[in-house]
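Undergrad: sequence plus predicted model, see below.
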Amino acid sequence: MSFKYIIKEGFAGIRRAKLAATTSIFSLFIAILLLGILSRVGYNVYVQAMSIKDLIEVEVFLFDIDERTTDEIERQLRAEEIVLEATYISKDSASAIMRQEFGPGVEELVDLNFLPASFKLKVDTEAGASQIETLVSSIQNLRGVDEVQYNEGLLRIMESNLNTFSLVGGGIALLILLASVILVYNTIRLTIYAKRELIRAMKLVGATNSFIRSPFIIEGVLQGVLSGLMAVTCVFFIFEFVIPLYLPEMGLLSWPFGSWYFLTGAMFGLAVLMGWWGSRLAARKFIEETYISG
Amino acid sequence: MSDTAVIELRNVSLSYEHRPVLKNVNFKLNNGEFCYLIGPTGIGKSSFLKLLYRDVVPDEGSVRVTDFPVNKISMKQVPILRRRMGIVFQDFQLLQDRDVYDNVAFALQVTGEKPKFIKQRVLEVLGMVGLSHRRKNMPSDLSGGEQQRVVIARALANEPRILLADEPTGNLDPKATQDIMNILKLINNRGTAVLLVTHDYAVVKKYPYRTVRLIDGKVQDLAWKGDKLVPLKKEPV
């Protein structure tokens, strides 16, 4: 199989069907750009949600129990998978905290001795509300535990909003991806239709289907490469220059995982993948359906 | 398949949407033989060829082309089968965006031949059809006869053992027809079997070779008797 021939034909395909190729490249560029923006915003929403979740603490209030029982409770709390940290707050520490928070006159109003000893638990931010609920019920059953408190309402609202956002965002992303694949598929289908004489001639002289397919797949990949490069440049430009200049309050949005190349790399890879997939689907279907005798 | 046969059909039946085209056909083309397949338009001559290059498969019977049991081979083997035969159609099927040289070279490029060999072979086959001097011309610069000669050159590029020609002179004037027939004779003289589908009786008469007719879904051998082609009487077995 002549590799040079396949590459040459792949490039020539774009040149020969300029309008169809431009439409496909532009559509895929828009799709990948939208996905890039959606990903960056989505990532920041997720990070914000996690930082709020990080503030949620589970407080375990204890009866007046001896040190051995307290140690046993601590051991069991630390053994829980989603508990990252367990800080013991003795009765004295609790009084000190209250004194600090309410000021020096607080002792005249209440007897600070009523404050129980407790554990403050830092829970894994990845843990869902139901996991935390299970944890709370199991802690509540421990001997020596009086009460377990946490901000269940906030957690539930946040989780539900995050789920809705993920579902809607994911749905939109999938639709955009599907639309982009269909566009590439259609462009390659049109290109194949326009080149049916070439395909017939190739079949006539004994070219294999995979050989006939290859230039079309190269063409699809090239469309993906061009769309990806355009989308990456655009996203970089928007987030690094346009937003800081015109919407500085949104300038706080960070690049996913701390560096620009993770998102841009993923966008580029996705564009190439979509180009390859769309063209492969079309090429497989329509080349097999082309007969020598028309 | 007998030793000398390059094409052999045994009890082949073919139908399109329940309309029978070929009924229990038996046919053999020997190595280096020239044969006309004649019959009125729409009788199934092109379908007969399609069976050979595996664009269709028979409902019943077996088709053999050189060593290939055509109706049994996998789709992956079909291109290999097609490289063993040259195919020429009435509509030239040249690629209009490439010059004569590239149109012929294309047949070798798709089969992965080396550039040096491609150059040598293309010039050789263009020489055979008398078009070396036109190698840089585009198909649109050529006459119908010349375009058909380019198609023949492309069909010969892979050195096929069989040349299938479906009405190759159908769109040509008498002079171009004569040129094409002379080239086909030359190719046949070099040992390539030729199966030529035509309904041009003048050609059949002027260049007499074995002639078979497709009639009522059957193949019938014919012979000239005076000015008429008549069914050949089969000798009792």
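TA: Ah, there it is. Keep in mind the model is a prediction, meaning the values are calculated, not measured.
Undergrad: and residue A:239, that's in a helix?
TA: Yes - counting by DSSP: H, G, I helix; E, B strand; the rest coil, residue A:239 is located in a helix.
Undergrad: quick one: low-confidence ranges for chain B?
TA: For chain B, the stretches flagged by pLDDT under 70 are B:1-3, B:92, B:233-237.
Undergrad: get me the contact residues on it for chain A.
TA: B:46, B:50, B:53, B:55, B:75-76, B:79-83, B:87, B:93-95, B:97, B:106-107, B:109-112, B:154-155, B:157-158 (Cβ under 8 Å from any Cβ of the partner chain). Placement of C-beta: from N, CA and C, glycine included.
Undergrad: of those, buried ones?
TA: Neighbour-count burial within these applies to B:46, B:50, B:53, B:55, B:79, B:81-83, B:87, B:93-95, B:106-107, B:109-111, B:154-155, B:157-158; the criterion is 16 or more other Cβ atoms under 10 Å in any protein chain shown.
Undergrad: secondary structure class for the residue nearest the centre of chain B?
TA: Central residue of chain B (Cα atoms, centre = their mean): residue B:164, 0.9 Å from the mean position. Three-state call for residue B:164 (three-state DSSP): strand.
Undergrad: residues contacting it?
TA: B:49, B:52, B:53, B:85, B:86, B:87, B:88, B:195, B:197 (Cβ atoms under 8 Å, 6 or more residues apart in numbering or on different chains).
Undergrad: most neighbours among these, please name it.
TA: Of all the contacts of residue B:164, the highest neighbour tally under other Cβ atoms under 10 Å in any protein chain shown goes to residue B:86, namely 28 neighbours.
Undergrad: ok, and the closest non-adjacent residue to residue B:118?
TA: Of all residues not flanking residue B:118 in the chain, residue B:108 sits nearest, at 4.5 Å (Cβ to Cβ, 6 or more residues apart in numbering or on different chains).
Undergrad: run a quick neighbour tally on the one you found.
TA: 22.
Undergrad: show me what the strand or helix carrying it is packed up against.
TA: Take DSSP states H and E as the rule and residue B:108 turns out to sit in helix B:100-109. Packed against helix B:100-109 by the contact rule (3 or more Cβ pairs under 8 Å, 6 or more residues apart in numbering or on different chains; DSSP states H and E) you find helix B:115-128, helix B:144-156.
Undergrad: chain center to the first one: distance?
TA: In this case it means helix B:115-128. 21 Å (Cα atoms, centre = their mean, to the nearest Å).
Undergrad: how about the secondary structure of residue B:223?
TA: strand.
Undergrad: neighbours of it, how many?
TA: 13.
Undergrad: isn't it up against residue B:212?
TA: No - checked against Cβ atoms under 8 Å, the pair residue B:223 and residue B:212 is beyond contact range at 10.6 Å.
Undergrad: now, which of the contacts of residue B:164 lie within strands?
TA: The strands, defined by DSSP state E, take in B:85, B:86, B:87, B:88, B:195, B:197 from these.
Undergrad: strands of chain B, residue ranges please.
TA: B:5-16, B:19-30, B:34-38, B:60-65, B:68-69, B:85-88, B:162-166, B:193-198, B:210-215, B:218-225, B:228-231.
Undergrad: most packed of those?
TA: Stretch with highest mean neighbour count among the strands of chain B: strand B:85-88 (a mean of 26; mean count of other Cβ atoms under 10 Å in any protein chain shown).
Undergrad: from the contact counts, what lies against it?
TA: Secondary-structure packing of strand B:85-88 (3+ Cβ pairs under 8 Å, 6+ apart): helix B:144-156, strand B:162-166.
Undergrad: quick one: contacts of the first one?
TA: Think helix B:144-156. Contacts of helix B:144-156 (Cβ under 8 Å, 6+ apart): A:205, B:86-89, B:92-94, B:100, B:103-104, B:106-107, B:122, B:125-126, B:128-131, B:134, B:139, B:142, B:163, B:168-169, B:171-173, B:175-177, B:179-180, B:183-184, B:187, B:192.
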